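Asks: This is the structure alone, sequence omitted:
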C-alpha cells in the first residue's frame, strides 16, 4: 500500500512540482524497498516531458535511475554488513 | 519446508519478469522518444491547464473575502499605475511609428508574424532549462522559432514541437553559445549560458563595459538578450568576465510570443 502511495505521489509530483521532488521520492523508494523499479518510470517520464534533442543527454534521468537501481542494493548490503 | 522454496522461486521469476518489462520499456522510450514526448506532453498539458483553472478559481474565491476598503485602495493604486503607463505607452507608440517610417524610407521592412503562447512550465520545474508552451503544430510552430517576452526580450528557441505544445530551450541554458552585441559600441562577442537566465561573456579589459549596458542580438529589429549585472574587477587579469542576465524573471514568465527567425534576424 505504501509502495503504491509513494509511486502515485511520485508520478503526480513530476507534473505538479519541481523535478527534484520526484527524484527525492524515487530515492526514498529505492532505499525503502528491495527493487523499486518505479524510479526508472519516473526518469523516463521526466526525460520525455522536459528533455529534447536526440543525443544521450536527453536520457540523463532514465540512465541515472537505472544506475541508482543497480547501485542501491550494493550500498544497502554494505551498510547492513557494517551495522 | 519445500513450499517456502517454491514461493522463493516464484518471487525470483516475478522479479526477472519485472526487470525485463522495465528494460523493454526503457529501450522503447529511447527509440520512440518523440512518441513518448508527445504522449506525456499531452497528459501534462491537461494537468497543467486544470491546475491553472483551479488556482484561478481559488484566487477569485479568496478575493471575495477581501474588505471593501482594501479593494478600493487597490483599485485606486491600479488606476494610477494605468494612467502613468498610458502616458509611457503613448510616447512609445510615437517613437515606434517614427522608427517604422524611417526603416521604410531606408528600404528595410519589418514583418513579424507572432503567436501568443501561455507558458505551462518553466525552470525549476524543468531540469533541462526548458519552457513548455501551449502551442504546437496546431498553430504552425516550427523548430527553430524564437520565443520572446513581448516583442523585444529574447528568451530562447523552439526545440521540439508536439501537436498542442512545444518545448523551448533557453539561450541561457548552461553551455549554450549565442552571438551578441554588447554595450554602447556594439562589440560582437559570444555569450555563454550559465542557466536560469544568466550569461557570461569574456572581453579584453580595455573594452569599456559598465553595469546596465544592454546585450542585444544583431538583426533588423534589435532584440534584447540581457543587461550587464556584474563585471569581474580583478585588474591582474587581461580578460574581464562580464556577467549579464535576462531582464525578465524566468520563473515568473506566464506569456511569451513565438516568432519565426526570419522576422527577427
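Replies: On my side now, so go ahead. Everything numeric here is computed off the predicted structure, so don't read it as measured data.

Asks: Residue B:207 in helix, strand or coil?
Replies: Recorded secondary structure, residue B:207: coil (DSSP: H, G, I helix; E, B strand; the rest coil).

Asks: Beyond the helix or strand of chain B with the lowest mean pLDDT, next helix or strand please.
Replies: Every helix and strand of chain B was ranked by mean pLDDT, DSSP states H and E. The lowest is helix B:2-31, at a mean of 72. Counting by DSSP states H and E, the next helix or strand C-terminal to helix B:2-31 is helix B:33-64.

Asks: So which elements touch that following helix?
Replies: helix A:2-16, helix A:38-50, strand B:114-121, strand B:130-133 (3 or more C-beta pairs under 8 Å, 6 or more residues apart in numbering or on different chains; DSSP states H and E). C-beta here means a position set from N, CA and C on the backbone, and glycine is covered the same way.

Asks: does the longest helix that chain A contains come close to chain B?
Replies: The single longest helix within chain A, with elements called by DSSP state H, is helix A:60-82. Yes. Judged by C-beta under 8 Å from any C-beta of the partner chain, helix A:60-82 and chain B are in contact via A:61-62, A:66.

Asks: And the pLDDT at residue B:237?
Replies: The per-residue pLDDT reported for residue B:237 equals 77.

Asks: Can you verify my assumption that it contacts residue B:205?
Replies: Yes. Using C-beta atoms under 8 Å as the test, residue B:237 is close enough to residue B:205 to be in contact (7.1 Å).

Asks: With neighbour numbers in mind, choose between those two.
Replies: residue B:205 (15 against 11; other C-beta atoms under 10 Å in any protein chain shown).

Asks: For residue A:2, see how far away the nearest residue to the more buried one once chain neighbours are set aside is.
Replies: Once flanking residues are discounted, residue B:205 sits nearest to residue B:240: 4.9 Å by C-beta to C-beta, 6 or more residues apart in numbering or on different chains. Distance, residue B:240 to residue A:2, by C-beta to C-beta, to the nearest Å: 56 Å.

Asks: Also residue B:201?
Replies: 51 Å.

Asks: quick one, which of those two is more surrounded?
Replies: When residue B:201 and residue A:2 are compared for neighbours, residue B:201 comes out ahead with 24 against 9, by other C-beta under 10 Å.

Asks: does that one really touch residue B:190, like I thought?
Replies: Yes. Between residue B:201 and residue B:190 there is a contact under C-beta under 8 Å: 7.4 Å.

Asks: Please identify every residue contacting each of these two.
Replies: By C-beta atoms under 8 Å, 6 or more residues apart in numbering or on different chains, residue B:201 and residue B:190 have these common neighbours: residue B:180.

Asks: Name the residues of the helix or strand bottoming out on mean pLDDT in chain A that are buried.
Replies: Counting by mean pLDDT, DSSP H and E, the weakest-scoring helix or strand in chain A turns out to be helix A:60-82, with a mean of 84. When burial is assessed from 16 or more other C-beta atoms under 10 Å in any protein chain shown, helix A:60-82 yields the following buried residues: A:61-66, A:68-69, A:72.

Asks: Mind listing residues that contact it?
Replies: The contact list for helix A:60-82 (C-beta under 8 Å, 6+ apart) reads A:19, A:23, A:26-27, A:30-31, A:34-37, A:39-40, A:42-44, A:46-47, A:51, A:56, B:26, B:29-30, B:127.

Asks: Filter the residues you listed down to the buried ones and hand me the ChimeraX line.
Replies: What follows is the ChimeraX syntax selecting those of these that are buried according to 16+ other C-beta under 10 Å:
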select /A:19,23,26,27,30,36,37,39,40,42,43,44,46,47,51 /B:26,29,30,127
